[in-house]
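Q: The sequence and its predicted three-dimensional model are supplied below.
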Amino acid sequence: MEKSKKVFELFKKDSILFISGILAVISCFFVKPDSSYFSYINFRVLAILFSLMLVVSAYMRIGTFDYFTNKLLGIIHSEKNISLFLVILSFFMSMLFTNDVTLVTLIPFALNVLKAFKDRKRTMYTLILMTVSANLGSMLTPIGNPQNLYLYTEYHITLLDFIKLMLPYSVVSLILLIISVIMLNKSDKTVDTALTEEVEAPKLLPLLVYTALFVVCLLTVSNKLSYIIMLGVVAAVVLVFDRKSFVNIDYGLLFTFIFFFVLIGNLGRIDIIHDALSRVIEKNVTLTAVLASQFISNVPAAMLLSAFTQKGPSLLIGTNLGGLGTLIASMASLITYKFYNKEKKEGEHYLLSFTVINILFLVILLILYFGLSA
């Protein structure tokens, strides 16, 4: 009985990890394991995630987030304004640093800042809107997310055409995000300046070293440096400076990504799913991409559907809007969920709120799409 209780507690604490693992195993019965399984796993994404989490962990251990949280709260005392700042920062940062890098970097900081207001519900809404913001902000540039870079290259879309195509959706998204923050923070809270006493600044040498490692990660994100070199450099330097930083990494998140890679790879090799997508995409490329993204995530959806259509711009819109909806529609959304669930242990409420907010954004942007297509 005691053992069952422990298993249930573990499941409740990290349900997405367990569910993704079970689904990945089930999919293996439909697609016999072979050498192709290795091609499912995006080792570059895993290496970047691991390295960023390691750098963030090292930053936290020297009090970097506590220090900057203190400084931010000394300037902005209102929960509404801080939420607005974090959501807008996520939006624009994701255009240059990708949605997953933005969330891995900002979510721990956001949790630290919002802790001062002791408002669990508002914290949850802010994190959800930051996730939506990162997913929508990233759609404006070819380097904002992996599917954009792939489609931009695959269909030889010019940079100007790319931005012109996605700009209306980006502008409307930003307006919707600002309205959402204001609506969800009607009863605005403030933090008394007296609560924000001085916090000791992090030591300069490790701060500079970890910042340099963060730059190394960004160079890899922008394809200027091999992910293998990045992984070796980051791991070696942190091992020398503070090996305890390795303890605070969310290894469950990495395994969650691996399980989803296996599941998605197998789904693409199941004939009935493959054939269904071939038939459906002929009717409407954008809607097919949105629908496929809900089940296999928008990056694999972009790669899979590109084999069946020459309508690159329609596929680009569909896979970007398709990042809204379910938790796995954009794999970056899992990052926020894992951080929040680990911190708050209220995953069920988060999932419901996340899904409702995402669907509302998706419906509005799809209405915009039909209006522009008419």
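A: Good, I have the coordinates.
Q: list the contacts for the residue nearest in space to the middle of the chain?
A: With distances taken as Cα atoms, centre = their mean, the chain has residue 332 as the residue nearest its mean C-alpha position (2.1 Å). By Cβ atoms under 8 Å, 6 or more residues apart in numbering, the residues touching residue 332 are 98, 99, 100, 103, 131, 134, 135, 145, 323. For the C-beta atoms, the positions are set from N, CA and C on the backbone; glycine is no exception.
Q: Please apply the same query to residue 180.
A: By Cβ under 8 Å, 6+ apart, residue 180 lies in contact with 129, 357.
Q: what pLDDT does it get?
A: Looking at residue 180, its pLDDT reads 95.
Q: again, but for residue 131
A: So, for residue 131, pLDDT stands at 97.
Q: correct me, but it touches residue 103?
A: Yes. Using Cβ atoms under 8 Å, residue 131 is in contact with residue 103, at 6.4 Å.
Q: what do the two both touch?
A: Jointly contacting residue 131 and residue 103 under the rule Cβ under 8 Å, 6+ apart are 90, 332, 335, 336.
Q: now the third one: how far from residue 72?
A: In this structure, residue 335 and residue 72 are separated by 21 Å, where distance is defined by Cβ to Cβ, to the nearest Å.
Q: between the two, which one's more packed in?
A: Shown here are residue 335 and residue 72; by other Cβ atoms under 10 Å, residue 335 has more neighbours (28 against 18).
Q: Just the element for that one, please.
A: Assigned by DSSP states H and E, residue 335 falls within helix 333-344.
Q: which secondary structure elements does the next helix or strand after that helix contact?
A: Scanning forward in sequence from helix 333-344 by DSSP H and E, the next helix or strand is helix 347-373. If contacts are counted by 3 or more Cβ pairs under 8 Å, 6 or more residues apart in numbering; DSSP states H and E, helix 347-373 sits against helix 120-137, helix 159-184, helix 285-296, helix 312-321, helix 333-344.
Q: thinking again about what came up before, of the contacts of residue 332, which is the most crowded?
A: In those, the most neighbours by other Cβ under 10 Å go to residue 134, 34 neighbours.
Q: The helix or strand encompassing residue 25: which residues count as buried?
A: Secondary structure assignment for residue 25, by DSSP H and E: helix 15-28. The neighbour-count check on helix 15-28 (16 or more other Cβ atoms under 10 Å) flags 16, 17, 18, 20, 21, 23, 24, 27 as buried.
Q: could you dump that helix to CSV, C-alpha only?
A: What follows is helix 15-28 as a C-alpha-only set of coordinates in CSV (Å, rounded to 0.1, in the frame of the first residue of the first chain):
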residue,chain,number,x,y,z
SER,A,15,2.6,13.1,-14.8
ILE,A,16,3.7,14.3,-18.2
LEU,A,17,7.0,12.4,-17.8
PHE,A,18,5.1,9.2,-17.0
ILE,A,19,2.4,9.6,-19.7
SER,A,20,4.9,10.4,-22.4
GLY,A,21,7.0,7.4,-21.4
ILE,A,22,3.9,5.1,-21.5
LEU,A,23,2.8,6.5,-24.9
ALA,A,24,6.3,6.1,-26.3
VAL,A,25,6.5,2.4,-25.2
ILE,A,26,3.0,1.7,-26.6
SER,A,27,4.0,3.3,-30.0
CYS,A,28,7.0,0.8,-30.1
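Q: on contacts alone, who are the packing partners of whatever helix or strand comes next after that helix?
A: Toward the C-terminus, helix 15-28 is succeeded by helix 37-40 as the next helix or strand (DSSP H and E). Counting by 3+ Cβ pairs under 8 Å, 6+ apart, the packing neighbours recorded for helix 37-40 are helix 251-268.
Q: Just the mean pLDDT for the helix it packs on, thanks.
A: For helix 251-268, the mean per-residue pLDDT is 81.
Q: Looking at the shared contacts of residue 131 and residue 103, point me to the pair that's furthest apart.
A: 90 and 335 (11.7 Å; Cβ to Cβ).
Q: Extract the residue ranges of the chain that are flagged as low pLDDT.
A: Scanning the chain for pLDDT under 70 picks out the ranges 1-16, 187-189, 191-198, 277, 344-348.
Q: now the helix holding residue 25 against helix 347-373, angle please.
A: Inter-element angle recorded for helix 15-28 and helix 347-373: 70 degrees (by axes from the mean of the first three to the mean of the last three Cα atoms, to 10 degrees).
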